[in-house]
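[1] Here is a sequence with its predicted model. Questions after.
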2 protein chains.
Amino acid sequence: MTVPPPAAEAPRRAVCILGLGLIGGSLGRALLPTRQVGGWSPGEDSRRLAAAAGFAVADDLPGALRWADERDAIVVLAAELTAFTELLRGIARYAPHSLLTDVGSVKTMVSQQVSTITPQARYVGGHPMAGTAESGFGAGSAELFRGRTWVTTLAEHTDPLAWAEVAAMAIDTGARVVPTTDREHDAAVARISHLPHLMALTLAQAGEQGGPLALRLAAGSFADGTRVAATRPELIRAMCENNIEALVNALDDALAMLGVGRASLASTRSIATAATLGHQARLQFERQRDRRDSGGTLLTLTDPTVDQLLDVGASGGDVVGVGLGQGGSPIEVRAELPENPAP
Amino acid sequence: MTVPPPAAEAPRRAVCILGLGLIGGSLGRALLPTRQVGGWSPGEDSRRLAAAAGFAVADDLPGALRWADERDAIVVLAAELTAFTELLRGIARYAPHSLLTDVGSVKTMVSQQVSTITPQARYVGGHPMAGTAESGFGAGSAELFRGRTWVTTLAEHTDPLAWAEVAAMAIDTGARVVPTTDREHDAAVARISHLPHLMALTLAQAGEQGGPLALRLAAGSFADGTRVAATRPELIRAMCENNIEALVNALDDALAMLGVGRASLASTRSIATAATLGHQARLQFERQRDRRDSGGTLLTLTDPTVDQLLDVGASGGDVVGVGLGQGGSPIEVRAELPENPAP
């Protein structure tokens, strides 16, 4: 089983989704108009709903993987992180050379599992940054990923063509693709997702310690600052406890800043530094977000190297189009870079 | 100049607002239908706009205070905290026995200024918890306080009638009144407002330290968790730096929790405790908020003591109606307590 050269008018590659919940179900629905979509989920309800929606649903994991192997489909791990080991064991047995990706919120750990359990798979990491408070196939929609960010991770040895197949799948859902490494991804999400969750949990407790009066007065800043503490504790734990090294680094930075702020407040009675730098940082975030909304500098890469793709992500840019070529013609990647890359 | 006994069909007491920005301008507009509203502001634009809206605007501070003194009006400090000292010096000179309140976001410091500079004023602290991102008279509205919380602070020596006058003014704007002490107020807002601002400033910097990629991936939890870092640094400083003792206490609690979380993550690889307790605390906040929205237990207090009023606030309840009586009849306070007061 090898990657067939793209035919003239290359049909899009089939996709086999393992886990048909919110993310997997939404992915399949987004791809159904243009691809064969197969899959499997341990829950009978999800399987029934997915079959009714037009997915080629298998009765068991081996059946789904045989379906994928016959079509050289992209296999997508779309279950919760805790189920990955078992799914990878099945892949190692029934479809060991798969073009494989996942939707996990941490990447170093998943990459290690893949290279240990099914080392022959052509793996490209994935993390679609979309979700809702609800879960399950029924909560999904074909539009879940539109305009959202879909991180893809590459290593030195990643085949750009395998990356391009995964990126094209993500772009077909309406997402924008950010290429980066496992390590950079994990460091970034530690700072912009896992640390914010820990801070929200802390803030919620600090408020509750103020008793009924404090909670009675709580509104704007407290409501916003603790919002994600309403997330199911198991989900927060799964994110944070699978990204310990990066999260501890981010947490140490936060502890240092808060400690300096505390000392400054108690000794000089001033928080001028924190107020100024924190304000500037928030404005920097807003500027980068607004630049993206208003479009950036377009760049086309032909048969890009891994390093060229990684540069796009490192500069704060993203990939908005991928051409897989026809009859052996080159991969074409359209990227959008921020107008004035942040320093 | 003494407080006249309420006449039969007692007219509502006039109000003299010092500072005609967002808060002062909105207060005046909310009261204009039922009271005489006078005031002054250093800015000529604000004075012109307020006069056009029907306020009796004086040309200078002495003029405004003479107007207030003639009517035994409630004098409201509605300027920024940094302007209070100067306004209080004027009050000490031109209207030293005023029934005085303020709209400052910290209370211990203001109470101290009042008792130092104009000790004969009958002072009741106030903190309407409402605002918008904008400022100035033009940004205000008569509806700014509707449904919002207006904290009032009492001390042992506070005359319940003075409190009732201030509370009735706040209720006339559509607000719900929470009675508490300066110290309890400052401890509560340190936890539910000032600490959230410090955390947001810290989170914003921790995200920016992740570079363009981290800010590129930032969305939901980071955007919410850093939102108030967009507030003008001077305003954050004014809040935090005038409430140092309470804020340092809250910050120490937060630092201890984050430190324990960090140690737990690095050693046992678990954040189970933070995840569980933080989640429960957020749900406790949501329950208390939802109970309030659905109404609580009604309670009527006749000629309440200071302690009875403080109990309402301490239980997480609030005052929804105040009757000042007629011809010497008693003060009647209607309060709403949570159905199941938080433990």
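    Great, that's in hand. Predicted model, so just to flag it, every value in this text is computed and none were measured.

[2] Mind jotting down where the helices sit in chain A?
    All helices of chain A, identified by DSSP state H, fall at A:22-31, A:44-52, A:61-71, A:84-94, A:108-117, A:160-172, A:182-189, A:195-208, A:211-217, A:220-225, A:233-241, A:244-267, A:272-293, A:306-314.

[3] Just want the angle from the second one to helix A:22-31.
    Here helix A:44-52 runs at an angle of 10 degrees relative to helix A:22-31 (axes from the mean of the first three to the mean of the last three C-alpha atoms, to 10 degrees).

[4] Residues touching helix A:44-52, excluding its own?
    The contact list for helix A:44-52 (C-beta atoms under 8 Å, 6 or more residues apart in numbering or on different chains) reads A:L20, A:G21, A:G25, A:G28, A:G39, A:W40, A:S41, A:V57, A:D59, A:G136, A:F137, A:G138. The C-beta positions use only the backbone N, C-alpha and C, and glycine is treated the same way.

[5] re earlier: tell me which of the helices of chain A is the most buried.
    The highest mean neighbour count among the helices of chain A, using mean count of other C-beta atoms under 10 Å in any protein chain shown, belongs to helix A:195-208: a mean of 28.

[6] is that one anywhere near chain B?
    Yes: using C-beta under 8 Å from any C-beta of the partner chain, helix A:195-208 comes into contact with chain B via A:195-208.

[7] I'd like to know which elements that helix is packed against.
    Judged by 3 or more C-beta pairs under 8 Å, 6 or more residues apart in numbering or on different chains; DSSP states H and E, the packing partners of helix A:195-208 are helix A:211-217, helix A:220-225, helix A:233-241, helix A:244-267, helix B:195-208, helix B:220-226, helix B:244-267, helix B:272-293.

[8] Quick one: mean pLDDT over that helix.
    Helix A:195-208 carries an average pLDDT of 97.

[9] how long is stretch A:99-106 end to end?
    From its first residue to its last, stretch A:99-106 covers 19 Å (C-alpha to C-alpha, to the nearest Å).

[10] do it and chain B meet?
    No: using C-beta under 8 Å from any C-beta, stretch A:99-106 never reaches chain B; the gap is at least 11.1 Å.

[11] What residues sit buried inside that stretch?
    Using 16 or more other C-beta atoms under 10 Å in any protein chain shown as the test for burial, stretch A:99-106 gives A:L99, A:L100, A:T101, A:D102, A:V103, A:G104, A:S105, A:V106.

[12] related to what we said a few turns ago, closest one of the residues of helix A:195-208 next to chain B to B:I331?
    Of all the residues of helix A:195-208 next to chain B, B:I331 sits closest to A:G207, with 32.5 Å by C-beta to C-beta.

[13] Just list the residues touching that closest one, thanks.
    A:A214, A:L215, A:A218, A:F222, A:T226, B:R191, B:I192, B:A281, B:F285.

[14] how about the residues you listed in CSV, adding pLDDT and distance to B:A79?
    Output for these, formatted as CSV (pLDDT from 0 to 100; distance: C-beta to C-beta, whole Å):
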residue, pLDDT, distance to B:A79
A:A214, 94, 27
A:L215, 92, 30
A:A218, 92, 26
A:F222, 96, 26
A:T226, 96, 31
B:R191, 97, 26
B:I192, 96, 24
B:A281, 97, 35
B:F285, 94, 32
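
[15] For A:Q113, state which of those residues is nearest.
    Using C-beta to C-beta, those come closest to A:Q113 at A:T226, 32.9 Å.

[16] Need the nearest residue in space to that closest one, chain neighbours excluded.
    Take A:T226 and drop its neighbours on the chain: the residue closest to it by C-beta to C-beta, 6 or more residues apart in numbering or on different chains is A:A204, 4.3 Å away.

[17] where does chain A dip in pLDDT?
    Within chain A, the stretches with pLDDT under 70 are A:1-10, A:132-133, A:326-328, A:340-343.

[18] Map the structural domains onto the sequence of it.
    A:15-180+A:299-337, A:185-270 (automatic domain parsing).

[19] Endpoint to endpoint, the shortest one covers what distance?
    Which is domain A:185-270. 35 Å.

[20] do the longest one as well
    Between the start and the finish of domain A:15-180+A:299-337 there is a gap of 29 Å, counting by C-alpha to C-alpha.

[21] Find the centremost residue of chain A, please.
    Taking C-alpha atoms, centre = their mean, the centroid of chain A lies closest to A:H127, which sits 1.6 Å from it.

[22] hmm, back to that, B:P233: which of the helices and strands packed on helix A:195-208 is closest?
    helix B:195-208 (8.7 Å).

[23] what angle sits between the closest one and helix B:233-241?
    Here helix B:195-208 runs at an angle of 130 degrees relative to helix B:233-241 (the same axes, to 10 degrees).

[24] buried stuff in stretch A:127-140?
    Buried positions in stretch A:127-140, judged by neighbour count with 16+ other C-beta under 10 Å: A:H127, A:P128, A:M129, A:A130, A:G131, A:S135, A:F137, A:G140.

[25] That stretch spans what distance, first to last residue?
    The first residue of stretch A:127-140 is 16 Å away from its last residue (C-alpha to C-alpha).

[26] Relative to the whole chain's centre, how far out is that stretch?
    12 Å (C-alpha atoms, centre = their mean, to the nearest Å).

[27] is it true that A:R176 touches A:T149?
    Yes: in terms of C-beta atoms under 8 Å, A:R176 counts as a neighbour of A:T149; the distance is 5.7 Å.

[28] ok, those two, which is more surrounded?
    A:R176 (23 against 20; other C-beta atoms under 10 Å in any protein chain shown).

[29] what's the nearest residue to that one if we skip its chain neighbours?
    A:R176 sits nearest to A:D318 (C-beta to C-beta, 6+ apart), 4.5 Å away.

[30] How about that neighbour: which residues does it bridge to?
    Using DSSP bridges, the bridge partners assigned to A:D318 are A:E336.

[31] what about it, how many neighbours?
    A:D318 has 23 neighbouring residues, counting by other C-beta under 10 Å.

[32] try A:P33
    With other C-beta under 10 Å as criterion, A:P33 counts 10.

[33] A:W67 versus that one, what's the distance?
    According to C-beta to C-beta, to the nearest Å, A:P33 stands 19 Å off from A:W67.

[34] what's the answer for A:T153, then?
    For A:T153 relative to A:W67 (C-beta to C-beta), the value is 26 Å.

[35] Run through the residues that contact A:V189.
    Here A:V189 is in contact with A:S105, A:V106, A:H127, A:M239, A:N243, A:A246, B:L217 (C-beta under 8 Å, 6+ apart).

[36] Correct me if wrong: the fourth one contacts A:H194.
    Yes: the pair A:M239 / A:H194 is scored as a contact, 5.4 Å apart, by C-beta under 8 Å.

[37] hmm, back to that, dump the contacts of A:V189 to JSON lines, plus distance to A:D290.
    What follows is the contacts of A:V189, written out as JSON lines (distance: C-beta to C-beta, whole Å):
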{"residue": "A:S105", "distance to A:D290": "26"}
{"residue": "A:V106", "distance to A:D290": "29"}
{"residue": "A:H127", "distance to A:D290": "23"}
{"residue": "A:M239", "distance to A:D290": "27"}
{"residue": "A:N243", "distance to A:D290": "28"}
{"residue": "A:A246", "distance to A:D290": "27"}
{"residue": "B:L217", "distance to A:D290": "16"}
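
[38] Looking at these, spot the one nearest B:P160.
    For those, the nearest to B:P160 is A:M239 (52.1 Å; C-beta to C-beta).

[39] Next, the distance between the ends of stretch A:95-104.
    End-to-end span of stretch A:95-104 (C-alpha to C-alpha): 20 Å.

[40] Isn't A:R35 up against A:V15?
    Yes: applying C-beta under 8 Å, one finds A:R35 in contact with A:V15, separated by 5.7 Å.

[41] Those two - which one has more neighbours?
    More crowded of A:R35 and A:V15, by other C-beta under 10 Å: A:V15, with 27 against 19.
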